[in-house]
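> I need the structure of the sequence given here:
(chains A and B)
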Amino acid sequence: MMDRPRTYRVGWLKVVLLLSSVASFGMLLLAAYQENFTAEWRTHQQEFAHVLSVKATAANETSAPAGASVKASDYPIEIRQAFLPEWDKVDRCITCHVGIDNPAMQDQPQPLTAHPGDILQHHSADRYGCTICHQGQGRATDKEAAHGRVPFWDEPLLTGDFIQSTCTQCHHDEEVPQAPVLNRGRQLLSELGCVGCHKTGETLAAEKVGPQLDSVGSKVTRKWLHKWLADPGKYLPEHKMPQYPLPSGAIDGLAAFLMTARDDKIDNAPQPKGDYDTGADIYRESQCIVCHVTKLDYADNPVGGHIGPSLMKIGNKINQKWLVAFFQNPHSFLPHTKMPGYHFSKKEAINLSQFAIEEWTDYDLQDAEAEEPALPTGTPQQIALGKRLFAELDCAGCHELKGSPAKRDAPELTFIGSTPVHQLTFGDAKVPRTTPDFLYTKLKSPRSLHHKFELHPGEDPVDAIWENLRPKSLFSASQSLPDGAEGERLAWLLEQAKKAGVLEKQLALPSGTTAKQAHWLVWALNEVGALNPLKMPDFQPSDQDTEALAIALMSLSEVGAPSKRFDAPRRSKTVFDPKDEFGKLERHYRCLSCHKIRSSGELLASDLTYEGNRVNREWLYHYLNQPYSMRRMLTIAMPIFHFPDEESRLMSEYMANVFVDSDLGAAWKRNRDKADAGRGKTLFQAKGCMACHQVNGTGGDVGPSLTTQVPEFPHGTWVGDKLKGEWVYAWLENPQAILPDTIEPNLGLSDQEILDLTAFVLSLKNPQFQKKNNGDDKNNGDNNNGQVKK
Amino acid sequence: MQKLAIGHDQQSFVAASQARGKKVYDHYCEICHGAEGQGDGFNSAMLDPPPRNFADEAFWKRVNDEQLQTVISRGGESVGKSVLMPAWGRTLDPSQITDVIAFLRTVPALAKKAAAAEESEN
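Alright, predicted model coming up:
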C-alpha cells in the first residue's frame, strides 16, 4: 500500500525528466544545425564559392585554358583564421571576409570584397592578421561581436582614418608612410602646443609655441591685451592662441600682471620717427610677405605667407619702440622663431617700424577705440591675482616668462590611446563609449565631457560651491569664506561671483528656503561653466583637425609589436645642425625656414643638400650678394640680406665644399675631355630638347630657358654661367633621381651623348659677361676649383 | 588562404585605369597636349608640328594600343614622327603607359560631351 503512491510520483517525475531531456536535446540539435548549416559566415562562404565559379565560367568562355573551371562544390566551407602566436592573436575575420586577398573580388560587396589598395602586399595577412591594424574581436565569428561593437570590448573596429592610429606599433618614424592624417595630427600636437601642458613620453622638452612674454608690457597696449585675452579671434581670425573661458575679473588680473613685464631699455628709448618710403623699400627687400600676410587683394583676400602671424593690424596693438628693438634682434624676443635675423641698423629698424605702423593699422578700429574709456591701471591685488592665474592655467606651457616656470601638470597622454574605456570620463555627454569618440569630443568641445556639479545631501552647500568655483585663483585661493547664517553666506557667494564677472550684475537670490537658493546658485554657476574644473582651453579645431588630433592621440598607446622583428625600417634622418661658423650664420639667418638641407628644413625654396654640386661658387657668391627671382612665374624671392662680404664668401665656400656628394656626376669629372660641345649642339636638336627649353629665344616653355639674362644682375645668368658640369651630367643621366616629380623625361642617353650635351649646355654662357670671367673659364668652362675672387 | 585569382570585372578595372591615367596625363602630358587632350597645351604654340589632338577620330582609326605603347615609350622619332614628342619609357613604367592610353581613349567622348553641353547652353 505504501509503495503505490511513491511509484506513481516517480513515474510522473520521469515523464517531466523525459520531456525536458527531449526538449534540451532538440535545442542542442537546433543549435548544432544552426552552427553547422545556417551560420552567417557559411552563407557568406557559399556565396563566395558561387561567385568564384561564375567568374571561372566567364573566364573559360573568353580566354582561360580548358579545364580551369571551378565548381562551387569544390570550395570548402570552413572556419578560416590567421594564427599569430607572437601577437597572441587569432583572427577569424577571413571566415567572412574570404575574398580579402583575391584581386578578382574587387567588384564584390562586403564582406566578400578584396582589400583595397596594395597594403596587403606589404602586410601579408598570415604575418599581420587583421585586428593588429583594424582592431575588433578577432576570435568572434558573428558580425557584431567580431566588429567589437559589444559591451566590454574596448577595441571596436576602427573606422575611417582612425585605422592610421595603429601604424605606430611598428612604424616608429616621425612620418609614417601612407598615414597622412596621423602625420598631420602629430604635427598639430606640437604646433598647437598640446605638449606644453601634457606630457606625452617625449624625452626633450618641447619648444614653446607662443611668444616669450618678458617684455610684453612694453610691446602692446593694455587695451589690446584685454581684448586679446577675452577673444583673440576678434583681433586675428586665424590666431593660434586657444580660448580660455575667463570671467572679466580674471582678464583684468592677467592683463594687469602681464603689463608689469617690461623692459626699461625700450620704455626709456626716445620715441622714434622714421621715414615711411625708406621703410617700404626695406620691407620689399626683406620679403616679409613670404611668411606674413601683409596686404589684401582686390577682393579683400589676405595675401602673403602663413608661417608668421598676419601683420594686417599690428599698428593697433604694438608700441613702435618695441618694434624697433625687435627688428634689430628678433631672436632675443622669440628664440625659436622661423624669422631670420636681418642686419638692420637702428636707423633702418626705425624706418621699417614707421612703415609697419602706418601701413598695418586699421584706422577705423583705431578711431573707435579712441572713443572708449581708458582702462584704469592694475591694482596690486589684480597683479597678484594675475600671477596666480598665470600659474593656475599654466600659461607658461606655451609662453616663456621669467619667474613663472611651466608646471606641465595636465593629465599625461603618453598612453591615452590604450587607456581602458571605463577610466575615461564621459560625464553626461551623449556619445558612444569608445576611445575615438572620447578623444574626438574632448578635443572638439572640451567642456562637454563633464558631470554637472551637483550638491550632495549632507554637505554644506556654501562650502561645496566655494571650493569648486573656478578659476580657483579668483575665489578660494584669494580669500576665505566668512562665517554667518546660511542665507547671508549664499548672498556673499553671489556677490563674489558678480564681482569677478562670472555672473551678471543684476542677478539676485530668489526668495524661499536657503536650499532653494543654493540650488538656484548652482544652476546659475553651472550655466556659465564656473563649476567646471577643466583647465584645458578651447582650441576650436576644425572637424578635420579634430579627427587628425584624435588619431594622433589614439596612436599614443601602450600596445606595441611583440618584438623588434616587426619594426619597420627607420628611414635615416640626418639633421643638419653644424656647430661651425656656417652653423652660426644659419641660426642667425634661419636658412632652414625656407630651404632644405639633408632632412632638415622646409621646401619653400630650393633644396641645398647638393648645392655645391649644382652651381659654381662664383655665381653663388654673386647670387648671395644680390639674389634674384629664379623663375619669372614665382612671386616670392629670396630676401636681400645684405650679407657682409666675408659672410657671403664664407657661405659660398662652405656650400661649394660641404654641400656636395662626390659621386654625383663623377663621370663628367673623369671624362670631360672626351666631350664635344659641337656634337652636343646637334644632339640638342636631335633629341628634341628644344621642345621644352629655349635657347636664344627659340624653343618650348616647359622647363627653364637656358639663356635667360636677369637684367638687374651684374653677372651672367645663362645656364653655363651658373650650373656645374657634374650636376648637368647627373641630371641628364636620370632627372627623376634628383627630383622625383620632375617632368623632364629620362631619355636614356648614352654616356657619350650625355658628355656632349653637358659640354653644349655649359657652353651657353652670356657673352656679355665673358671677358670678366675669362680667367676661370678653362676648357669646358666648368668652374670647379677656382676660389671666389673679389 | 585559398587563392583563386580568375576573371576580372572589366568595367571597374578599366575605370580605375582611366582615372590613374588621367593623373599621369595631367602631370606629364597636359603642358603640350592640353587640359582636354585637344593638342592645345600651354607649350603647344612653340611646337611645329603641333602636339597630337586626341579628340580627332581619324587618329583613333589609324592607331592601336601597341603603336601607342611604342610612340609613348620610345618617342615620336621611333615611329617616324617629330622628336618634339619625347620618349617616356624610362620615366613612366609600363603600367602607367597602359593607364595613360586608357585615358587617352576617353578623350573623343569627353570632347563630344563638352561640345554638346556647350551647344545646349547657346
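> Kindly provide the distance from A:Leu30 to A:Arg42.
Using Cβ to Cβ, to the nearest Å, we find A:Leu30 at a distance of 15 Å from A:Arg42. Using the backbone N, CA and C atoms, a C-beta is placed for each residue, glycine as well.
> Next, the contact list for A:Ile537, please.
I think there's a mix-up here, since residue A:537 is Pro and not Ile. When contacts are counted by Cβ atoms under 8 Å, 6 or more residues apart in numbering or on different chains, A:Pro537 touches A:242-244, A:393, A:446.
> Could you work out the most separated pair of these?
A:Leu393 and A:Pro446 (13.3 Å; Cβ to Cβ).
> Which helix or strand contains the residue nearest to A:Lys674 when sequence neighbours are not counted?
Beyond its immediate neighbours in the sequence, the residue positioned closest to A:Lys674 (Cβ to Cβ, 6 or more residues apart in numbering or on different chains) is A:Leu755, lying 5.9 Å away. Using DSSP states H and E, A:Leu755 falls within helix A:751-763.
> Enumerate the positions of that helix that are buried.
A:753-763 (16 or more other Cβ atoms under 10 Å in any protein chain shown).
> Return the member of the residues you listed nearest to A:Ile314.
Within these, proximity to A:Ile314 (Cβ to Cβ) peaks at A:Val761, which comes in at 47.5 Å.
> contacting residues around A:Gly397?
For A:Gly397, the contact set (Cβ under 8 Å, 6+ apart) comprises A:193, A:196-197, A:208, A:406-408, A:410.
> In the stretch 501-650 of chain A, mark out all the strands, start to finish.
For the stretch 501-650 of chain A, the strands defined by DSSP state E, counting those that start in this stretch cover A:596-597, A:600-601.
> Quick one: these as a markdown table, columns for distance to A:Leu493, mean neighbour count and mean pLDDT too.
Written out in a markdown table, the entries for these read as follows (distance: least, Cβ to Cβ, whole Å; neighbours: other Cβ atoms under 10 Å in any protein chain shown; pLDDT from 0 to 100):
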| stretch | distance to A:Leu493 | mean neighbour count | mean pLDDT |
| --- | --- | --- | --- |
| strand A:596-597 | 59 | 20 | 91 |
| strand A:600-601 | 56 | 18 | 87 |
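> Output those as JSON lines; include the columns distance to A:Thr361.
Formatted as JSON lines, the strands of the stretch 501-650 of chain A follow (distance: least, Cβ to Cβ, whole Å):
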{"stretch": "strand A:596-597", "distance to A:Thr361": "37"}
{"stretch": "strand A:600-601", "distance to A:Thr361": "34"}
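> of the ones you listed, which approaches A:Val615 most closely?
When the strands of the stretch 501-650 of chain A are compared for distance to A:Val615 using Cβ to Cβ, the nearest one is strand A:596-597, at 14.8 Å.
> Let me see the residues that make contact with the closest one.
Residues external to strand A:596-597 that are found in contact with it (Cβ under 8 Å, 6+ apart): A:576, A:591, A:602-603, A:606-609, A:659.
> And the residues you listed, which two are furthest apart?
Farthest-apart pair in the contacts of strand A:596-597 is A:Glu602 and A:Phe659; separation 16.6 Å (Cβ to Cβ).
> The two: which is more packed in?
When neighbours are counted by other Cβ atoms under 10 Å in any protein chain shown, A:Phe659 comes out ahead of the other of A:Glu602 and A:Phe659, with 20 against 13.
> Phi first, then psi, for the more buried one.
According to degrees, to the nearest 10, the main-chain angles of A:Phe659 amount to phi -80, psi 60.
> what about the helices in chain B?
Counting by DSSP state H, chain B has these helices, from start to end: B:10-28, B:30-33, B:57-62, B:65-74, B:94-104, B:107-121.
> Give me whichever of those is most buried.
Comparing the helices of chain B by mean neighbour count (mean count of other Cβ atoms under 10 Å in any protein chain shown), helix B:30-33 comes out on top with a mean of 22.
> And it, what does it pack against?
Of the remaining helices and strands, none touches helix B:30-33 by 3 or more Cβ pairs under 8 Å, 6 or more residues apart in numbering or on different chains; DSSP states H and E.
> re the thing from before, remind me what the helix holding A:Leu755 packs against, helices and strands.
When contacts are defined as 3+ Cβ pairs under 8 Å, 6+ apart, helix A:751-763 packs onto helix A:666-671, helix A:677-686, helix A:719-722, helix A:725-733.
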